[in-house]
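Peer 1: I would like the atomic coordinates for the input below:
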Amino acid sequence: MLKHSHALWAALFLLTGCSYGKYGFDKDTRAKADMRFIGIPALAGAVGTSFPIGDGYSLTARHVAKIMMMDVVAYHEVCDIALIRAGKGRVDFRPAVAGENVRMYGYSALSTLPVSSRGIASYQDHYDGCPAFASTSGVVQGMSGGPVYGDDGAVVGVVIAYNKRLGVSVFIPWQSIGTWVEEKRATHRMA
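Peer 2: Take a look at the predicted model:
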């Protein structure tokens, strides 16, 4: 019995993970992002986030799409990004700019509540070989794959991780994936 108890705690830790910074409940998230899960969230499942970009397509993190067994159109060759067939709605995109205010949206893996956080897109660097931005925005496990909005209401990137060592959240900016997204959507529509 004790062995099973340790396994349960380990599973709960992996599912709930760690968080970084301040984030909170935000009912507006439901209009900007979709929750993706398998199993029973917070008990025996996994939660991630995606968001619609138009024409029945959505973006999410690659690691979310692989776990959630989604209808994947394409995985980015380098970045932790997947284009999936899901969602209704459309967003405007533009490149992220260092120093701008951003807001991240997604779902908490522990509570499955819609959450968001505010921060500043601080600098551009590379994350696992992909050009990425760091941000002072808070993030919690489950927000991966969610949209990052600028103050003007345009999506500027996709939430992918937090870097505990540096104490920052990480997102892939639109300028790193925009051309790829449009090429994959066009190719998929023609197939």
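Peer 1: Packing partners of the longest helix along the chain?
Peer 2: Using DSSP state H, we find that the single longest helix of the chain is helix 174-190. Helix 174-190 sits against strand 57-60, strand 72-75, strand 82-85, strand 130-135, strand 155-163, with contacts defined as 3 or more Cβ pairs under 8 Å, 6 or more residues apart in numbering; DSSP states H and E. For glycine as for every other residue, the C-beta is placed from the backbone atoms N, C-alpha and C.
Peer 1: Out of the ones you listed, which is the most enclosed?
Peer 2: strand 57-60 (a mean of 27; mean count of other Cβ atoms under 10 Å).
Peer 1: chain center to that one: distance?
Peer 2: With Cα atoms, centre = their mean, to the nearest Å as the basis, strand 57-60 stands 10 Å off its chain's centre.
Peer 1: Of all residues in the protein, which one is nearest the centre?
Peer 2: What sits nearest the mean C-alpha location of the chain, by Cα atoms, centre = their mean, is residue 145, with 1.9 Å.
Peer 1: Just want the phi and psi numbers for that residue.
Peer 2: Main-chain torsions, residue 145, degrees, to the nearest 10: phi 90, psi -10.
Peer 1: For it, give me its contacts.
Peer 2: 36, 48-51, 59-61, 64-65, 82, 106, 158-160 (Cβ atoms under 8 Å, 6 or more residues apart in numbering).
Peer 1: Excluding chain neighbours, what is closest to residue 28?
Peer 2: Closest residue in space to residue 28, ignoring its immediate chain neighbours: residue 116 at 7.0 Å, by Cβ to Cβ, 6 or more residues apart in numbering.
Peer 1: For the helix or strand hosting the one you found, which helices and strands make contact with it?
Peer 2: Using DSSP states H and E, residue 116 falls within strand 114-127. For strand 114-127, the packing partners by 3+ Cβ pairs under 8 Å, 6+ apart come out as strand 24-25, helix 29-32, strand 101-107, strand 130-135, strand 155-163, strand 168-173.
Peer 1: Reformat these into CSV and put mean pLDDT next to each item.
Peer 2: Listed next are the helices and strands packed on strand 114-127 as CSV, based on pLDDT from 0 to 100:
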stretch, mean pLDDT
strand 24-25, 74
helix 29-32, 81
strand 101-107, 96
strand 130-135, 95
strand 155-163, 95
strand 168-173, 95
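Peer 1: nearest to residue 55, of these?
Peer 2: Closest to residue 55 of the helices and strands packed on strand 114-127, according to Cβ to Cβ: strand 155-163, at 15.2 Å.
Peer 1: For residue 161, give its distance to residue 168.
Peer 2: 10 Å (Cβ to Cβ, to the nearest Å).
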